[in-house]
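S.K.: Just need the structure, nothing else, for what follows:
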Amino acid sequence: MPRVLIPVFLAMLVLAATGSAHAADPQPQHRCDDYDPAIAWQEAPYEHFSICYTAAYADDVSWVASWVNYAHWRLAWKYGITELRTVRDATPNDPSDAYQGGADGARMHVNVMLLPRPDGNADTGITRFMHGWGSPEADALYGAIADPVRYAFIPYVTPSAPNWSTADRWGMLQAPAGHFHAKNLMHEYTHAVQHTIRVGETEQRRPWDYLPLWVTEGLAEFEGGAHTTDFYRTVGYERLIRYVVEEVPDQVMLQRTETLAETSLATITTTDVYFGGHLILYWLAETLGEDVHRRLMRYEHETFNAALMAELAAADMTMEEGWAALRAWVAAEYAAITAPSAAPVLPPPPDA
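M.R.: Predicted structure coming up:
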């Protein structure tokens, strides 16, 4: 059963220090206006993010801001950042780019767009973290904003919108509404933190940027599952294990051969980047301690696989042994979850 624990003291300290995600910047900066000019946006500005909303759904702002604020400080603590920044402020694949790591990039401000209705970027089945500075799309979106920071967007259908009441909105795990929204907000904000540390998600980028998609999405799922609500840490976790074993074992439990430099080796990977990635990163946290996520995000090896090999070697495992240990762990977790309950201990009958 899961042993990854949320540091409750951290959440208490965050709330004590910040109140209910109180606004550090009292004046809106028109950060929301260019997302969809047809919408009359209002802005609730905070130090690292803004909540962009419409007047009809103003009551959603405080709840969403409290979860985004919690996500920011929890993830900043875990991954060792002080503020959000762009890793690079240039075209990703241009070899003439000067690599800007972490604190050398432009400051990033995240706009959480609470949409009054679904649009092409988000609906009741899709949310996303939108970045892409340096691309024509980003220039068109950000270019009209005269501000010395770069913007990222999390479009999200506002929790009180009627669309949620008619959609299969709680996903595979059938989570209650508040739990579902909290998990999604944590997931998307995790991507903002990932882009502060390094760019990833494609092997076409330079090696020091590369993170496999199963790692970026798996970590976002892990943070949303392990560090939001009790539902995801208990019921959600059990349903994840059942889903992996009973529904998609061939997609999740996948071993692939990679060619790295002059060495061909087996590596742990998955084609189910969300659930499979979540499962593998959960196992790594259980086996090596949760700080392994931070170390893998900040790896300095030539490749991600080399970094993963080094982590397993520190625990006296080869990649093949790690793969076997992962499969054994999944089997043990599934057996524990599906085992019949022990018979109750009954008191002795009363005297006749």
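S.K.: which stretches of the stretch 151-300 of the chain have low pLDDT?
M.R.: Applying pLDDT under 70 to the stretch 151-300 of the chain picks out residues 166-173, 199-209, 251-267.
S.K.: Please enumerate the helices of it.
M.R.: Listed in chain order, the helices of the stretch 151-300 of the chain (DSSP state H, counting those that start in this stretch) span residues 163-166, 177-197, 213-226, 230-233, 235-246, 249-252, 275-288, 291-297.
S.K.: To Arg31, which of these lies closest?
M.R.: Closest approach to Arg31 among the helices of the stretch 151-300 of the chain (C-beta to C-beta): helix 177-197, 14.5 Å. (C-beta placed from N, C-alpha, C; glycine too.)
S.K.: Could you pull out the buried residues of that closest one?
M.R.: For helix 177-197, a neighbour-count test (16 or more other C-beta atoms under 10 Å) marks 179-197 as buried.
S.K.: For the stretch 1-150 of the chain, which segments count as strands?
M.R.: For the stretch 1-150 of the chain, the strands defined by DSSP state E, counting those that start in this stretch occupy 42-45, 49-53, 108-115, 150-157.
S.K.: Of the ones you listed, flag the one that's most buried.
M.R.: Of those, the one with the most neighbours on average (mean count of other C-beta atoms under 10 Å) is strand 49-53, at a mean of 26.
S.K.: other SSEs contacting it?
M.R.: strand 42-45, helix 61-79, strand 108-115 (3 or more C-beta pairs under 8 Å, 6 or more residues apart in numbering; DSSP states H and E).
S.K.: Tell me the strands beside that strand, with direction?
M.R.: strand 42-45 (antiparallel), strand 108-115 (parallel) (DSSP bridges).
S.K.: Show me the least confident stretch of those strands, going by mean pLDDT.
M.R.: Of all these, the minimum mean pLDDT falls on strand 108-115 (a mean of 91).
S.K.: Just the CA trace of it, in CSV.
M.R.: Taking Å, rounded to 0.1, in the frame of the first residue of the first chain, the C-alpha atoms of strand 108-115 are listed here in CSV:
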residue,chain,number,x,y,z
MET,A,108,7.3,33.3,-16.1
HIS,A,109,3.8,34.2,-14.9
VAL,A,110,1.1,31.6,-15.1
ASN,A,111,-2.4,32.7,-16.0
VAL,A,112,-5.1,30.2,-14.9
MET,A,113,-7.9,31.0,-17.3
LEU,A,114,-11.2,30.0,-15.8
LEU,A,115,-13.2,29.6,-18.9
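S.K.: Which of the helices of the stretch 151-300 of the chain sits closest to Asn69?
M.R.: helix 177-197 (9.8 Å).
S.K.: pull the CA atoms of that closest one into CSV?
M.R.: Listed next in CSV are the C-alpha coordinates belonging to helix 177-197 (Å, rounded to 0.1, in the frame of the first residue of the first chain):
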residue,chain,number,x,y,z
ALA,A,177,-15.9,17.2,-8.0
GLY,A,178,-13.6,19.1,-5.7
HIS,A,179,-11.0,16.3,-5.6
PHE,A,180,-11.1,16.1,-9.4
HIS,A,181,-10.5,19.8,-9.9
ALA,A,182,-7.7,20.0,-7.3
LYS,A,183,-5.9,17.1,-8.9
ASN,A,184,-6.2,18.7,-12.4
LEU,A,185,-4.9,22.1,-11.2
MET,A,186,-1.9,20.4,-9.5
HIS,A,187,-1.2,18.4,-12.6
GLU,A,188,-1.1,21.4,-14.9
TYR,A,189,0.9,23.5,-12.5
THR,A,190,3.5,20.8,-12.3
HIS,A,191,4.2,21.3,-16.0
ALA,A,192,4.9,25.0,-15.2
VAL,A,193,7.5,23.9,-12.7
GLN,A,194,9.0,21.3,-15.1
HIS,A,195,9.5,24.1,-17.7
THR,A,196,11.3,26.1,-15.1
ILE,A,197,13.8,23.3,-14.6
